[in-house]
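>>> Need coordinates for the following:
(chains A, B, C and D)
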Amino acid sequence: MGLDKNGIAQRIAQELRGGWYVNLGIGIPTLVANYIPEGIEVEFQSENGVLGMGPFPFEGEEDADLINAGKQTITTMKGASFFDSATSFSMIRGQHVQLTVLGAMEVSENGDIANWKIPGKMVKGMGGAMDLVASADNIIVAMMHSNRAGVSKLLKECSLPLTGVACVKKVVTDLAVLEIKDGAFHLLERAPGVSVEEIQSKTEGNLMVSGDVPEMNI
Amino acid sequence: MGLDKNGIAQRIAQELRGGWYVNLGIGIPTLVANYIPEGIEVEFQSENGVLGMGPFPFEGEEDADLINAGKQTITTMKGASFFDSATSFSMIRGQHVQLTVLGAMEVSENGDIANWKIPGKMVKGMGGAMDLVASADNIIVAMMHSNRAGVSKLLKECSLPLTGVACVKKVVTDLAVLEIKDGAFHLLERAPGVSVEEIQSKTEGNLMVSGDVPEMNI
Amino acid sequence: MNKVIESVEQAVDGIKSNMTLMLGGFGLCGIPENSIAQLVKSGISGLTCISNNAGVDDFGLGLLLHNKQIKKMISSYVGENDEFERQMLSGELEVDLIPQGSLAERCRAGGAGIPAFYTPAGYGTEVAVGKEVREFNGKPHILESALHADFAIVKAWKGDTEGNLVYKATARNFNPMMAMAGKITIAEVEHLVPAGELDPNEIHTPGIFVQRIFQGQHFEKRIEQRTTRSR
Amino acid sequence: MNKVIESVEQAVDGIKSNMTLMLGGFGLCGIPENSIAQLVKSGISGLTCISNNAGVDDFGLGLLLHNKQIKKMISSYVGENDEFERQMLSGELEVDLIPQGSLAERCRAGGAGIPAFYTPAGYGTEVAVGKEVREFNGKPHILESALHADFAIVKAWKGDTEGNLVYKATARNFNPMMAMAGKITIAEVEHLVPAGELDPNEIHTPGIFVQRIFQGQHFEKRIEQRTTRSR
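As a prediction, the model looks like this:
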């Protein structure tokens, strides 16, 4: 069972706090914007040079000069600003962005992340991911617990080329919410109907379970 | 005899070439702007954040928000731009400014310059001078050949704390135009009515004189 | 100082085979379309291109790739281009992938006379191989060096005869830093206006960084991912 | 995100003795007059102030100096202030003089997460004492580190409720870099406007760098050197 992609995004949205500037990666992270809790005001940064991203434009109102980091046409909210790429990464590297959410192919129990390259296959490039993971204080990885072949993506050590070292603090998967600290995945919450045993069996890395693990409130 | 300050400025202005961006220091260098040769278009940069400086404003039109690096009220020319201090010194450090003219207390035969500090007396600070001299390819020093006590300011070695090392290429004084290379002052021109002997006697550093030294055309 | 040139032919004059170019843009947004088209016509080759992306198969830098005019790409993300993939996997094309923030900062550093700086990005990854590592405040950083180009080619929304530039929305991206880092910087603009028409307060790239400016023609401004919502 | 605070008292709330402050401005141009006046009233002391200049005897940071609230100044030029001279020569005031370009870049670096960079400025001078020297392209450079502040206080011409700032003319100077480098950044503005009123394309300091913004009162905007020409 477990959550679908929208469920993962919805759970991550619960982590948002009012007043935060947030950078959402491509894929599941993008969906987080659809589930901002009521009463919470956050602002979205896109590393190609915009703060205060709004929803997609109405058909016919697309502007080729206004896109997000996924190259999608977007709009802006009141109070938005545009800036160059150096300033954009000054925001990121300088820790002015309070939360970064991104996808991953693998995460290790010490917080390493691999999400940009599969040797022998196409290498698309890291884009801004290495800057984001090396800089952010608060990184949440959004991903499925296992890959399509059923192999755990929460590992003792990443097998793929790394994007960053010891940087991921939290992982939200279709099965669980996990905190990474002291070299282990600490199980914080289970997806509705998912057992600790199932999570344990699908986590290759060191999993710490203490006491009763609550279900996500979702 | 020799030139007065305006004469020095006038001679330096002959060094200007069309299309150059120029940074003028405080004192004699500022006067250079009054003698731009006809048909030559240059643009003045001030390190506090303006390109395309114009003359002083008409009385009553001063703007407290528009000053030069000497804190004087100024105006701008058509095509001017404003920018922050980091960008301003990007222009300077990145060698986008073609000519820097500044004053000095001492210059040595290898191109060292001292112009910011007299130990035991007031230290006002180097302002942008260290960035300017360390970065510019083309630095002209404008100064009197001797100080008020009659002591040469063109020395074997500077005695005052340095502003920059081996950076001055040309010096224009009340007596002469000199090029600095290969560890010596090469006499290029004499001020009208000033003899090579007088220049020699007032130059402590190594002075090279080759052939007939022409008078300045001023 | 009038920097205006009359044609795109004059704009790319002096760009020769085996030179290093910087080209502004993020995806297809804010790319110098006119100049790229002219480079394709010119037939020069062996180019090293510094650009965040490599265009798509039939637009932007993809056109130069298709023509095999590019020897090496220095980029952060090149995932939108099949021909790129083919040339890279076959070894025809050299590729240097750089974290996007480091790429932006290295261009700025090149223009700003900063030869090198430390950044945390890429520490512990293959990007750090062969680079100096140093700890600051208990956190490891790697030393990255400035990037320079023989020519930088940027695209702006408005520009004046003095080379002052104003960009529009996210079409700004890498253009301002690259404009700083070219030995010669070429700007193609949608609207070329007389000096004095742009507010000095609102200029993004001061003219000192620009050597040539021209009025671009027929900007296609292609959209890569047309995403919309219903009314 | 509304960053508006109602008073200058709230603006400087939390600034305590012995903290490090950055204060924007060049000479008396673009200085945060309201906040400085409030700091004088507050009576806190032992401040380390990072500011290009130190005001004049009876205005700007000179007021804090006069009150002996400043322990240390980090500046590039301090030549307009007699009280400064007296305190420095008597040893009451610590002074760290930094080349102006390095000061600007070190503030930017602090805000941009760049812990250190190389610059040619100051090589071979007393500024280089104790600093690493390294050659790049045959030219010696020194390593300079990032500057940070507990509070950065900047002054802008216009600002919106989200903290977006626009500066006027040369009153921009150090304000944008310092806004980036404060743990908490306070902006006082001449014109506070609703979000959406500033063109997103023309914003100099994006609101992400600003934590508090307020409408300043009674800006004196004193002119240091009133130079004019006759009609």
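>>> next SSE after the longest helix seen in chain C?
Identified as the longest helix of chain C according to DSSP state H is helix C:100-112. Going down the chain from helix C:100-112, the next helix or strand is strand C:116-119, by DSSP states H and E.
>>> Packing partners of the longest helix of chain C?
Contacts defined by 3 or more CB pairs under 8 Å, 6 or more residues apart in numbering or on different chains; DSSP states H and E place helix C:100-112 against helix A:85-93, helix A:129-135, helix B:85-93, strand C:116-119, strand C:139-145, helix C:175-181. For the C-beta atoms, the positions are set from N, CA and C on the backbone; glycine is no exception.
>>> what about that helix, average pLDDT?
Averaging pLDDT along helix C:100-112 gives 98.
>>> relative orientation of it and helix D:100-112 in degrees?
Relative orientation of helix C:100-112 and helix D:100-112, computed by axes from the mean of the first three to the mean of the last three CA atoms, to 10 degrees: 170 degrees.
>>> Distance from helix C:100-112 to the middle of the chain?
In terms of CA atoms, centre = their mean, to the nearest Å, the gap separating the centre of helix C:100-112 from the centre of its chain is 11 Å.
>>> The helix or strand bottoming out on mean pLDDT in chain A: how far from the chain's middle?
Within chain A, confidence by mean pLDDT, DSSP states H and E is lowest for helix A:28-31 among all helices and strands, at a mean of 93. Remark: helix A:28-31 is offset 8 Å from the chain centroid, using CA atoms, centre = their mean.
>>> Around chain D, pick out the residues from chain A.
Within chain A, the residues that sit near chain D (CB under 8 Å from any CB of the partner chain) are A:18-19, A:21, A:41-43, A:45, A:50-52, A:76, A:78-83, A:86-87, A:89-97, A:135.
>>> Report the buried members of those.
A:21, A:42-43, A:45, A:50-52, A:76, A:79-83, A:86-87, A:89-94, A:96-97, A:135 (16 or more other CB atoms under 10 Å in any protein chain shown).
>>> same for chain B: which of these are within range?
Okay, of these, nothing touches chain B (CB under 8 Å from any CB).
>>> With adjacent residues omitted, what lies nearest to the residue of chain A most remote from its centre?
Going by CA atoms, centre = their mean, the residue of chain A most distant from its centre is A:Gly60, 30.8 Å out. Counting by CB to CB, 6 or more residues apart in numbering or on different chains, A:Gly60 lies nearest to C:Thr228, which is 7.9 Å off, once chain neighbours are set aside.
>>> So the one you found sits against A:Glu59, correct?
Yes - at 4.3 Å, C:Thr228 counts as touching A:Glu59 under the criterion of CB atoms under 8 Å.
>>> who's more crowded, the two?
Taking neighbours as other CB atoms under 10 Å in any protein chain shown, C:Thr228 and A:Glu59 compare with C:Thr228 leading, 15 against 11.
>>> what are the ranges of the strands in the chain?
Since no chain was named, I'll use chain A. Here chain A has its strands, by DSSP state E, at A:21-24, A:43-46, A:50-53, A:76-82, A:99-102, A:106-108, A:113-114, A:139-142, A:154-155, A:170-172, A:176-181, A:184-190, A:207-208.
>>> Chain C, not that one
Using DSSP E, strands in chain C cover C:20-23, C:47-50, C:70-75, C:94-97, C:116-119, C:133-136, C:139-145, C:149-160, C:165-166, C:182-193, C:212-215.
>>> Of the ones you listed, which is nearest chain A?
Proximity of the strands of chain C to chain A was assessed by CB to the nearest CB; the nearest stretch is strand C:94-97, lying at 4.7 Å.
>>> Buried residues, that closest one. List them.
C:Leu97.
>>> residue ranges with poor pLDDT in chain C?
Within chain C, no stretch has pLDDT under 70.
>>> Low-confidence stretches in chain A?
Along chain A, segments meeting pLDDT under 70 span A:122.
>>> Can you tell me which residue of it sits closest to chain D?
Closest contact between chain A and chain D, by CB to the nearest CB, is at A:Arg93 (3.0 Å).
>>> Double-check that residue against C:Gly101; I have them as touching.
Yes - the criterion here is CB under 8 Å, and A:Arg93 meets it with C:Gly101 at 5.9 Å.
>>> Kindly point out which residues are neighbours of both of those two.
A:Asp131, A:Ser135, C:Thr119, C:Ala121 (CB atoms under 8 Å, 6 or more residues apart in numbering or on different chains).
>>> hang on, the earlier thing: can you add distance to A:Cys167 and give the strands of chain C back as JSON lines?
Output for the strands of chain C, formatted as JSON lines (distance: least, CB to CB, whole Å):
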{"stretch": "strand C:20-23", "distance to A:Cys167": "30"}
{"stretch": "strand C:47-50", "distance to A:Cys167": "27"}
{"stretch": "strand C:70-75", "distance to A:Cys167": "23"}
{"stretch": "strand C:94-97", "distance to A:Cys167": "19"}
{"stretch": "strand C:116-119", "distance to A:Cys167": "14"}
{"stretch": "strand C:133-136", "distance to A:Cys167": "16"}
{"stretch": "strand C:139-145", "distance to A:Cys167": "11"}
{"stretch": "strand C:149-160", "distance to A:Cys167": "32"}
{"stretch": "strand C:165-166", "distance to A:Cys167": "37"}
{"stretch": "strand C:182-193", "distance to A:Cys167": "34"}
{"stretch": "strand C:212-215", "distance to A:Cys167": "43"}
